[in-house]
Structures are given as C-alpha cells and as structure tokens.
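**Q** Sequence below, structure please.
(2 chains)
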Amino acid sequence: MPIIVLIALVVFFTSLNPNFMSLRNFARIAIAASPFLMVAIGVTFIIIMGSIDLSMEGGVALSAVIFCFAFLFFGGTLASGGWVAIIAALGFGAAYGALNGFIHAKLLIPSFMSSLAMGFVGIGATVLLTGGGIVRIDDDVFRMLLTYRFQGFPLMVYVAVFFLIVGILIQKKTILGRNLYAIGGAEDLARASGVPVLKTRILAFSLAGFYYALAGVLQVAKLGQAESVTGANLMFLSITAAVVGGVALWGAIGGVVNALIGVLIVTVINNGMVVIGLPDYIQDGVLGLLVIAAVILSTNRSAVKFVK
Amino acid sequence: MRDILKSNYHWVTLFTLVILVGLVDMNFWNIESLLILMGDIVPLFIMALGLTFAIYIGGIDLSAQSMANMITVIASLYLATLGLWIVPVCFLVGVILGGISGLITTRFLVPSFISTLAIGGVCYSLAQWLSGNRALYMNSESRDALFGWMLSSTGIVPNTIFVGAFVFVIALLIERRSSLGRQLKAVGSAELAASASGLLVPRVKVLAFALSGGLAALAGVIFSIKLSGGAPSIANGFLLPAIVAVLVGGTPLTGGVGGVVNTLVGTMIVAVIRSSMLYLEVAATHQQMVFGIVLIIAIVFTIDRSKLSIVK
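**A** Predicted structure coming up:
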C-alpha cells in the first residue's frame, strides 16, 4: 500500500506542476533523501525490535564533526589520507551506537529514555568539540560525492543505494536480521528459543549508529560542513518516514524497503510543496495532514487490534 | 523498608541531587532561590502534567510544544479583547486539538507518535499564519490589570507556584478521585483487558489526549504572560525536558504506572540538574553533555526495574 501512496503523490504533484517529473527534480529529491534514508534505515532496525532510538540527531552530528576533524587532521584532502576519516567516523558511529545499546540493554533502561539521553550527550559533545562553531571541508575530490553526476544523479546517491542494499541483505540474509524480528515479535519466546537477546540488542544499536555515521558523512558531502545542528529534525522525520512506509512501532512488521518508501514519500511531499509553490508557513501543517493520510492509507487495519 | 524505598526512588534521587549540589555550593540551599527556581519552571511543569496523562495510557504527545507556541500567539493577540476569558478559550483550543489527535489515534489507528507530531505541525503552521511569523507583544495594560499578580510574590513565594499548585491538585484529583482516573489506569495497564471489561477505551484515550492538549495550552498561556508576548517558536526547547521530567519521575512509557506526583518530582529533578550547572560553574558548551550523562545516571537510580522482565 505505501508504494501506491508514493505513486499517487508523484502523479498529484506532476499534475499541478509538470516540472516535478524531471530528472533535475528527481536528482534534487534523491540528494535530499540520501542522508535521511541512512538515518531511517538505522532506526528501522531498532523499531523492528519493538524498541525506539532517539539518539540519531546526536549520532549524525557527532560523527559528522568527528569526520571533519579527522579529515582535516589527515591533510584535508581525500588523496592525502582523508579516506581514513571515513573509516574513523563510521567506526565511531558503530561504537556510539554500541554504547547506546549497552546502556539500554545492560542497564535495563527503556530505549526511549536511554537513547534520548544519549542524543543529548551526542549533541553536547558536538558543541564541546566545535565550541559551537562550524567545521568546513573543501576538498574537491571528496565533494565529488555531490558535484560529480553519473546518469544525472550525484555519486552520493549511489553510495546511499549501495548501503540500502547492504541494509536489505543484513535484514534478510543474516542471523542478526532474523533475530531482530524474533525479538520484536515476542521477546520472551525468542529468549526461550536461545536468541542472545542482549548481544542482538547491542549489535542492532551499533548497526544503527553505523548508519547514522553514514548519514553524517553524506551530510558533510552535501553541505561541505558539520556543526551541532547537522542532524537537526532527523529524529522525528526519520521515525515518521519509517512508520509512513509501513514499519510498525510495536515491532516485527516492515523492514528496510518500507523505510525507503517512507523516506521517498516524506521527501516527495516536502519537495512537491515547494515545487507547486505552497507558502512556507503552511508547509508544516500540510506535511502533518498528508503524513496522517499516508499512515491511514498504508495501515492494514484489520491486522491491528489496538494502537498506542 | 525496601518496598517503601523502591516506590520512592524518585524522591531519593531528588533529595540526593539537592544535597550533592548544596555540598558543592551552599548557596544552592537558599530557600528563596529554590522557590524562585520552582516558580520559573511552572509552565514546563504544567506541560509535563499534561504529557503525564498521554504517557500514562501508553501513548505520547509530541504536539505539546507546538501547542504552547501557538497559544502564546493566540494569547498575545486576543488578551485585550477577551480579557480573563483568554484562559478558558485557550484551554478549550488545546482540548479540541488534543482531542483531534486522540480521535485520529483511536479511530484510524495512527500511532500517537505520528498523530500528535502531525497536529503539532498544524499548530506550528497556524501560529506562523496568525502571527505573520514575527514576535508579538501583549497589551501591557490588560496584562498588568488581569495577570499582574502572577508575576509578583506572596512573601517569598512567587505567585506562579500557586498557579502550578492549583493545576497540580486538579490533575491529582482527576488521577486519584475520579472514575476517569481509574479508567486511565486500566487502559494504561492492560488495554485489551480494559476493553474486554466493557470500558469505552477509545473515549478514555481521547480524553487523555484532550487533557494533555489543554494543559499544554495552559502552559502556553502562563508562559506568554510571563514573557508578555508570544512567537511561533518561543516555547521551543520545552518538549524534550517535559518528556524527560515525566520519565525521570517514574512514569514509564509502557503506561499504567506513575502519575502526576511522579511528574512533580521529575520536573524538580530536571530543574535541579539544569540550575545546578550554574552553581557548579559548568561551561555553556559542556552543559548539554553533562545534562545527558546526569540524566542517564538519574534514570538508572529512579526507575524500579525489578518487575520488568522485558525492556523495550
């Protein structure tokens, strides 16, 4: 169902302004969606477990800033060793996520609270590192992620697609992926059948952190800079996107592909409102109403007994 | 003894914090400044009270901040024409919009996370439209005549504390002494069981979200009176502390446990952590990180996890 909503939206916006359906505009949508998709995929792994992760704004900002500092440390160009910074940022993201998962699963704090607090810590650490300022990167080779286009789409879009496929494979083809669904479906049953719940939870949060770091690196590629607000708004938007795409907040329903469709729906709405020239001040309200409509249309209501 | 301690972890956390901060800087124990601190957090407290009802039934209300934002605009615009009626009118606006969130959640099975977030977007748009996207100032004559008392003190007690106490008592009566309170607890503890025993679960849930919206609106009214104005994003930064206050107080997101007294303590814990940074001279750039770390520690000590077999 969500895919039909997406198609309907595309048709709707195209009918109001034919320019919507152009390669140039699709590239614009893809650029906006790329970092956003990484965050949504990350949080989807957590939502499948029936938990929630609210640390993404901190994770994205902190990884982005660490990436920038490391990049500058290694000479400020990709050729001089800046590629090490990418590995450092992604490794850091995974560690940040693992700590987040450890605090939640080992100390038995509900993920909503532990991840919210870890988000504060992440943003706080970013402010601390940057002193509230902005870190800039202007290496032409690294910025090719945005500037070099292949078939009309910048390289960063292909990077996002690659990690989308990785995400799908992790979800479908790995033990971790199966265990996420087992825990989300019925944790006590999963535990009784020998699923290592603690290990899986920490791994899942670590994986989510890895994807937030990817989003951080892509944000830097897109904007050429990092600061404490690099991840702003991603928290509510990414969870909204996952739900709109058909990932259920109570766990075990939906997956990475749903996150993709949800991200596209939200990005298309945001882009479409600009393309058809809707005034700024009503865009938040319209987005809200359309999101509700999208969720209503995509929910299989006969399968849901109650909703929180 | 252990059981008594267990059900009062939030009090223990609060007093430990107050004692610790006071040990580092004795000035913190000054009753007068503590009262001023409490007076300052009344809007946040009232918003958190509303959120308590939404969280108590296992939902969440993410529209509270945008609601308060919009109400500061409405209150600033219409105080002169409506006079004292501004309070019930704003409350009613909040109740209606909160009720709509509840209806969307119960009728169309949209998770409250999404429905309230979306209604929050609508509030934000309305606020921008009504205000022309700029800061507004209240008619100062009407404000001083009608609400001037709220900004002064009785003895050393700021009058906003009485307002907070009044709302708190009403919320407590709803929770402890009304059938709605019992129904909220039933829905929060076991929704399917409540439904099977004949409770009109959707009605109870809509009422919980309506209360949450109404109280968020009330928080907005008080906030705009304090600032003598309003703007579409003036209350930004309220939502997460309000949620944290509810959670730290010991009302978990799973519902059915905790309540408004917990939120009172939770709000004070948040206020103490925040203001203690001034006393402990934590640099501005460190504050948010310290807040997060202290928060994790506070949560570890506050929540009674002995009964939880599964932590989501």
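**Q** Which strands or helices does the host helix or strand of residue A:59 pack on?
**A** Residue A:59 belongs to helix A:56-73 when assigned by DSSP states H and E. On a contact count with 3 or more Cβ pairs under 8 Å, 6 or more residues apart in numbering or on different chains; DSSP states H and E, helix A:56-73 meets helix A:23-48, helix A:83-106, helix A:111-130, strand A:135-136, helix A:197-223, strand A:225-226, helix A:234-245. All C-beta atoms are positioned from the backbone trio N, CA, C, and that covers glycine.
**Q** Flag every buried residue along the very next helix or strand once past the fourth one.
**A** Pointing back at strand A:135-136 there. Remark: after strand A:135-136, the chain's next helix or strand is helix A:144-147, criterion DSSP H and E. For helix A:144-147, burial by neighbour count (16 or more other Cβ atoms under 10 Å in any protein chain shown) applies to A:145-146.
**Q** list the helices and strands helix A:144-147 packs on?
**A** Looks like helix A:144-147 contacts strand A:153-154, helix A:155-173, helix A:197-223 (3+ Cβ pairs under 8 Å, 6+ apart).
**Q** Arrange these in CSV, one row each, with mean pLDDT, mean neighbour count and distance to chain B as further columns.
**A** Shown next, in CSV, are those (pLDDT from 0 to 100; neighbours: other Cβ atoms under 10 Å in any protein chain shown; distance: least, Cβ to the nearest Cβ, whole Å):
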stretch, mean pLDDT, mean neighbour count, distance to chain B
strand A:153-154, 94, 20, 29
helix A:155-173, 97, 17, 19
helix A:197-223, 96, 25, 9
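**Q** Can you say which of those is nearest to residue B:134?
**A** Nearest of the helices and strands packed on helix A:144-147 to residue B:134, taken as Cβ to Cβ: helix A:197-223 at 28.0 Å.
**Q** Alongside chain A, which residues does the stretch 1-150 of chain B contribute?
**A** Residues of the stretch 1-150 of chain B found near chain A (Cβ under 8 Å from any Cβ of the partner chain) are B:58-59, B:62, B:104-105, B:108-115, B:117-126, B:128-129, B:133.
**Q** hang on, the earlier thing: flag every buried residue along the helix holding residue A:59.
**A** For helix A:56-73, by 16+ other Cβ under 10 Å, it's A:56-72.
**Q** same check, this time on stretch B:26-35
**A** So, applying 16+ other Cβ under 10 Å, buried residues of stretch B:26-35: B:28, B:34-35.
**Q** Output that stretch as CSV, nothing but the C-alphas.
**A** Extracted C-alpha coordinates of stretch B:26-35, given in CSV (Å, rounded to 0.1, in the frame of the first residue of the first chain):
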residue,chain,number,x,y,z
MET,B,26,26.0,26.1,50.0
ASN,B,27,24.2,29.0,48.2
PHE,B,28,22.1,26.4,46.4
TRP,B,29,20.2,25.6,49.7
ASN,B,30,18.9,29.1,49.9
ILE,B,31,15.1,28.6,50.3
GLU,B,32,14.3,31.8,48.5
SER,B,33,16.3,31.0,45.4
LEU,B,34,14.9,27.4,45.4
LEU,B,35,11.4,28.9,45.4
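**Q** so residue B:214 sits right up against residue B:49, yeah?
**A** No. Taking Cβ atoms under 8 Å as the definition, residue B:214 is not a contact partner of residue B:49, at 10.3 Å.
**Q** quick one on the thing from earlier: need the helices and strands packed on helix A:56-73 in JSON lines with distance to residue B:222, can you?
**A** Output for those, formatted as JSON lines (distance: least, Cβ to Cβ, whole Å):
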{"stretch": "helix A:23-48", "distance to residue B:222": "35"}
{"stretch": "helix A:83-106", "distance to residue B:222": "35"}
{"stretch": "helix A:111-130", "distance to residue B:222": "25"}
{"stretch": "strand A:135-136", "distance to residue B:222": "40"}
{"stretch": "helix A:197-223", "distance to residue B:222": "37"}
{"stretch": "strand A:225-226", "distance to residue B:222": "38"}
{"stretch": "helix A:234-245", "distance to residue B:222": "26"}
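**Q** longest single helix anywhere in chain B?
**A** Assignment by DSSP state H gives helix B:201-227 as the longest helix of chain B.
**Q** name the helices or strands packed onto that helix?
**A** Packing partners of helix B:201-227 (3+ Cβ pairs under 8 Å, 6+ apart): helix B:42-56, helix B:64-82, helix B:86-108, helix B:140-151, helix B:159-177, helix B:179-189, helix B:191-196.
**Q** Show residues contacting the following helix or strand past that helix.
**A** Per DSSP H and E, the first helix or strand lying C-terminal to helix B:201-227 is strand B:229-230. Outside strand B:229-230, the residues that touch it by Cβ atoms under 8 Å, 6 or more residues apart in numbering or on different chains are B:69, B:71-77, B:131, B:135-138, B:220, B:224.
**Q** Give the ChimeraX command for selecting the buried subset of those residues.
**A** Typed into ChimeraX, the next command selects the buried ones out of the contacts of strand B:229-230 (criterion: 16+ other Cβ under 10 Å):
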select /B:69,71,72,73,74,75,76,77,131,136,138,220,224
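**Q** which of residue B:214 and residue B:49 has more neighbours?
**A** Neighbour totals were compared for residue B:214 and residue B:49, and residue B:49 leads with 30 against 25 (other Cβ atoms under 10 Å in any protein chain shown).
**Q** how about the more buried one, what does it touch?
**A** B:167-168, B:171, B:215, B:260, B:263.
**Q** Quickly note the distance from it to chain A.
**A** 19 Å (Cβ to the nearest Cβ, to the nearest Å).
**Q** Tell me which residue of the stretch 101-250 of chain A lies closest to chain B.
**A** residue A:124 (2.7 Å; Cβ to the nearest Cβ).
**Q** My guess is that residue contacts residue B:294. True?
**A** No. When contacts are counted by Cβ under 8 Å, residue A:124 is not listed as touching residue B:294 (11.0 Å).
**Q** Can you give me the buried ones in stretch B:152-171?
**A** Neighbour-count burial for stretch B:152-171 [16+ other Cβ under 10 Å]: B:157-161, B:163-164, B:167-168, B:171.
**Q** Between these, which sits nearest residue A:209?
**A** Nearest to residue A:209 among these, with distances taken as Cβ to Cβ, is residue B:171, at 38.4 Å.
**Q** Could you list the low-pLDDT ranges of the chain?
**A** Because you didn't say which chain, this covers chain A. A:300-308 (pLDDT under 70).
**Q** oops, I was thinking of chain B
**A** Looking at chain B by pLDDT under 70, you get B:1-2, B:6, B:304-310.
**Q** Roughly how far does the spatially most central residue of it sit from residue B:245?
**A** Residue closest to the average C-alpha location in chain B (Cα atoms, centre = their mean): residue B:48, at 1.4 Å. In this view, residue B:48 and residue B:245 are 4 Å apart by Cβ to Cβ, to the nearest Å.
**Q** same deal with residue B:217?
**A** Separation of residue B:217 from residue B:245 (Cβ to Cβ): 18 Å.
**Q** Of these two, which one has the most company?
**A** Remark: of residue B:217 and residue B:245, residue B:217 carries more neighbours, 32 against 28, as counted by other Cβ under 10 Å.
**Q** Sweet, I'm off.
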